[in-house]
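Asks: Predicted model and sequence below, questions to follow.
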Amino acid sequence: MAPRYHTLLMDADRTLFDFERSEAQALERTLQDFSLPFSQEILRAYIQINEALWRKLELREISRSRLQAARFEGLLQAIGAPGEPGQLNERYVEHLGEGNFLLPGAAQVCRRLSKACRLVLVTNGLHKAQTRRFATSEIKPYFSGLFISEDLGCDKPDPAFFDAVLTALGNPPRRQLLVVGDSLSSDIQGAANAGLDACWLNPKGAARPQGLPIAYEIRALEELVPIVLGK
C-alpha cells in the first residue's frame, strides 16, 4: 500500500529534538564559560526572554541578528551581571549545536517512515547550531534534506519559506506533503498559509485553536506512523 503522504516536512525542535534539554545544557555551559551564575531560576528567566523574542521574529517585528543579542542583553539585565551579549550568544550557539538529544521514539519513527516516504527537516533554528547537531544525530541517515530559515531568508510561518522548500524538492503536488510540528504559530500556521496538510504534535493536550486547519493531532510521535502509512 502506498503511503498517504510521499514527503514529510518535519520540524526539528520539540518535534524530533529535545530542545529543552539542549537549551538548558547550552545555557549552563555558556554562563560557566564566562564565570556567570546559573540556576533553574536563571534558566526560566532566559526561556521567557528568548521565547518572547522568537514570537516577535515570527511576526517579523525583530530581525534574527537583533534577537540573538537582545536575549542576552535581557538576561544580563535580569541577573544584574556585566557581560558582552554578542560574545555570550556566540558561545551559546556553539554549545547548542552540541545538544543533539532526540525525543523518545524519534529515531524509531523516522527510521520506519523513511522506508516509505521522503523525510525533510524544516526549521527556524540557527544555521550554525542546527547543521552541527543534525550532522551528528542518529536520524541524519533517514533524511534527504535540511532547510533552515536563516539560509532561505524567510521564517515559518511565511509561505515563502515553504515555497522555497517545495521548489528545491522539485515542486511535488502539495496534496502529497504533510507538515509535522509542535508549534501552532510557525509549523501549523505555516502549513495553512502554504496550503499544506498539517499534523500537530500536542503532547500536553493543549486546547485546539478555533479557525486553524489541522488535519491531524497526535500526542506522541509514534501516532504519526499509521497516519502516513494508512495502517
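Replies: Looks like it arrived, so ask away. Numbers count the residues shown, from 1 in each chain.

Asks: Could you pull out the strands in this protein for me?
Replies: Under the criterion DSSP state E, strands of the chain are mapped to 7-10, 118-123, 145-148, 177-181, 197-201, 216-218.

Asks: Let me have these in a markdown table, extended by mean neighbour count.
Replies: Just so you know, the C-beta spots here come from the backbone N, C-alpha and C atoms, and that holds for glycine as well. Output for these, formatted as a markdown table (neighbours: other CB atoms under 10 Å):
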| stretch | mean neighbour count |
| --- | --- |
| strand 7-10 | 26 |
| strand 118-123 | 23 |
| strand 145-148 | 18 |
| strand 177-181 | 26 |
| strand 197-201 | 23 |
| strand 216-218 | 16 |
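
Asks: Same list (those) but as JSON lines, adding mean pLDDT and distance to Asn50.
Replies: Shown next, in JSON lines, are the strands of the chain (pLDDT from 0 to 100; distance: least, CB to CB, whole Å):
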{"stretch": "strand 7-10", "mean pLDDT": "98", "distance to Asn50": "22"}
{"stretch": "strand 118-123", "mean pLDDT": "98", "distance to Asn50": "16"}
{"stretch": "strand 145-148", "mean pLDDT": "96", "distance to Asn50": "18"}
{"stretch": "strand 177-181", "mean pLDDT": "98", "distance to Asn50": "18"}
{"stretch": "strand 197-201", "mean pLDDT": "98", "distance to Asn50": "21"}
{"stretch": "strand 216-218", "mean pLDDT": "97", "distance to Asn50": "26"}
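
Asks: Isn't Leu224 up against Val109?
Replies: Yes - the pair Leu224 and Val109 passes the contact test of CB atoms under 8 Å, sitting 6.2 Å apart.

Asks: quick revisit: TSV for the strands of the chain, including distance to Leu67?
Replies: TSV is the format used below for the strands of the chain (distance: least, CB to CB, whole Å):
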stretch	distance to Leu67
strand 7-10	23
strand 118-123	15
strand 145-148	15
strand 177-181	20
strand 197-201	24
strand 216-218	29
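
Asks: Out of the ones you listed, flag the one nearest Thr136.
Replies: With CB to CB as the criterion, Thr136 lies closest to strand 145-148 of these, at 13.0 Å.

Asks: elements contacting that closest one?
Replies: Judged by 3 or more CB pairs under 8 Å, 6 or more residues apart in numbering; DSSP states H and E, the packing partners of strand 145-148 are strand 118-123, helix 127-135, helix 159-168.

Asks: now do 7 Å
Replies: strand 118-123, helix 127-135 (3 or more CB pairs under 7 Å, 6 or more residues apart in numbering; DSSP states H and E).

Asks: Tell me which of those lies nearest to Ala191.
Replies: strand 118-123 (10.2 Å).

Asks: wait, which of the helices and strands packed on strand 145-148 is closest to Phe34?
Replies: Of the helices and strands packed on strand 145-148, nearest to Phe34 by CB to CB is helix 127-135, at 18.4 Å.

Asks: follow-up on the earlier one: got the helices and strands packed on strand 145-148 as a markdown table, with distance to Leu27 columns?
Replies: Formatted as a markdown table, the helices and strands packed on strand 145-148 follow (distance: least, CB to CB, whole Å):
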| stretch | distance to Leu27 |
| --- | --- |
| strand 118-123 | 19 |
| helix 127-135 | 13 |
